[in-house]
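Novice: Requesting a structural model of the entry that follows:
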Amino acid sequence: MEPNWNVASSQVELQAILWRMRAELERLVAETGPGRMETRGVMDDWSLKDVIAHLTEWRWWSVARMEGAVKNAEPSPPWSAGLTEESDEGTDRINAEFYEKNRDRPVVDVLTDSRATLDRLVTDELRPSVDDMRAHLDRLVRPGFVTATGLDRLADVERYVEAIGRRAAKLPEDPRRDRQRMAEVVALEKRYRAILERQPRGRVPEDVVDAGWLLEELRVGTFAQSMRTARPVSPQRVARALAALE
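Specialist: Predicted coordinates for the structure are as follows:
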């Protein structure tokens with residue numbers, strides 16, 4: 001069962017908690033790989049897909065109750081009438097119902113629901129940064145990302161996802177500062193996309209690819225400064241690398 005969200009004293013704090021969980025989900029999916037998402041034995045006879053689906057159901061209920069408290073409305077629980085979470089027996093029956101509901105669902109649908117639940121409760125102040133983190137995660141952990149990235153880069157992808165989690169944890173402290181940092185990084189990424197668009201289809205030179213990885217390191221150095229980057233990086237260094245390719 002998910003923890004009681006009453007520990008979060010504000011909607012902003014809850015958003016930070018949800019986004020740390022979102023980043024952890026992506027890190028776990030990246031580590032496991034798409035081919036092993038339905039391999040049983042992760043928890044008893046459950047696969048990782050089953051575990052994520054289970055947590056998503058309880059998480060949905062936690063978020064629904066938080067939204068209900070904000071709106072002064074009581075949400076309907078996502079289980080059959082007559083069941084209650086107030087007893088161990090009731091909880092076991094609810095868990096069994098959740099399992100049957102999601103057992104035959106495709107992995108992509110389960111992950112989509114999990115991500116959508118974690119993306120709720122975004123405040124206007126946090127939305128630009130959250131949208132940027134969401135887009136970044138989608139670029140890093142997209143369908144076929146293992147093949148596209150290559151096994152030798154998976155550890156880097158995991159590190160980039162961890163950096164997003166650390167950014168999410170710090171975001172509520174100073175959203176304005178995060179947006180300022182984001183503006184500088186996004187401007188450089190826009191220049192990089194323009195460079196990519198000029199390359200022959202399927203034939204991106206190695207120095208152009210390397211500039212893309214340098215931008216990923218810049219995000220680590222900018223938004224998760226407690227983490228070490230794989231090499232020295234700064235906006236000025238990235239700008240010089242891009243200028244050499246333009």
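Novice: Give the lowest-confidence helix or strand of this structure, using mean pLDDT as the measure.
Specialist: Ranking every helix and strand in the chain by mean pLDDT, DSSP states H and E puts helix 145-149 at the bottom, with a mean of 61.
Novice: Output the next helix or strand after it as PDB, nothing but the C-alphas.
Specialist: Downstream of helix 145-149, the next assigned helix or strand under DSSP states H and E is helix 154-170. What follows is helix 154-170, C-alpha atoms only, in PDB (Å, rounded to 0.1, in the frame of the first residue of the first chain):
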ATOM      1  CA  LEU A 154      22.900   2.500 -20.100                       C
ATOM      2  CA  ALA A 155      24.800   3.500 -17.000                       C
ATOM      3  CA  ASP A 156      24.900   7.100 -18.200                       C
ATOM      4  CA  VAL A 157      21.200   7.000 -18.800                       C
ATOM      5  CA  GLU A 158      20.500   5.700 -15.300                       C
ATOM      6  CA  ARG A 159      22.700   8.600 -14.000                       C
ATOM      7  CA  TYR A 160      20.800  11.200 -16.000                       C
ATOM      8  CA  VAL A 161      17.500   9.800 -14.600                       C
ATOM      9  CA  GLU A 162      18.900  10.000 -11.100                       C
ATOM     10  CA  ALA A 163      19.800  13.600 -11.800                       C
ATOM     11  CA  ILE A 164      16.200  14.400 -12.700                       C
ATOM     12  CA  GLY A 165      15.100  12.900  -9.400                       C
ATOM     13  CA  ARG A 166      17.500  15.200  -7.500                       C
ATOM     14  CA  ARG A 167      16.300  18.100  -9.500                       C
ATOM     15  CA  ALA A 168      12.700  17.300  -8.600                       C
ATOM     16  CA  ALA A 169      13.600  17.100  -4.900                       C
ATOM     17  CA  LYS A 170      15.200  20.600  -5.000                       C
END
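Novice: Can you name the next helix or strand after helix 154-170?
Specialist: Following helix 154-170 in sequence order, the next helix or strand is helix 175-197 (DSSP H and E).
Novice: Return the set of buried residues in that following helix.
Specialist: Judged by neighbour count (16 or more other Cβ atoms under 10 Å), helix 175-197 contains these buried residues: P175, D178, R179, R181, M182, V185, L188, E189, R191, Y192, I195. No exception for glycine: its C-beta is placed from N, CA and C like everyone else's.
Novice: Now do the SS call for the residue of the chain most remote from its centre.
Specialist: Most distant residue from the mean C-alpha position of the chain: G82, 34.7 Å away (Cα atoms, centre = their mean). Following DSSP: H, G, I helix; E, B strand; the rest coil, the label given to G82 is coil.
Novice: now R105
Specialist: coil.
Novice: what do you get for E125?
Specialist: Relying on three-state DSSP, one would call E125 coil.
Novice: what residues are up against the spatially closest residue to it that is not a sequence neighbour?
Specialist: Nearest non-adjacent residue to E125, counting by Cβ to Cβ, 6 or more residues apart in numbering: P175, 5.0 Å away. Neighbour list for P175: E125, L126, S129 [criterion: Cβ atoms under 8 Å, 6 or more residues apart in numbering].
Novice: My read is that the second one contacts K170, right?
Specialist: No: using Cβ atoms under 8 Å, L126 is not in contact with K170, being 11.7 Å away.
Novice: These two: who's more crowded?
Specialist: The residue with more neighbours, out of L126 and K170, is L126; 22 against 16, by other Cβ atoms under 10 Å.
Novice: what pairs with the longest strand seen in the chain, and is each one parallel or antiparallel?
Specialist: If you go by DSSP state E, the chain has its longest strand at strand 40-43. Here strand 40-43 is paired, per DSSP bridges, with strand 46-47 (antiparallel).
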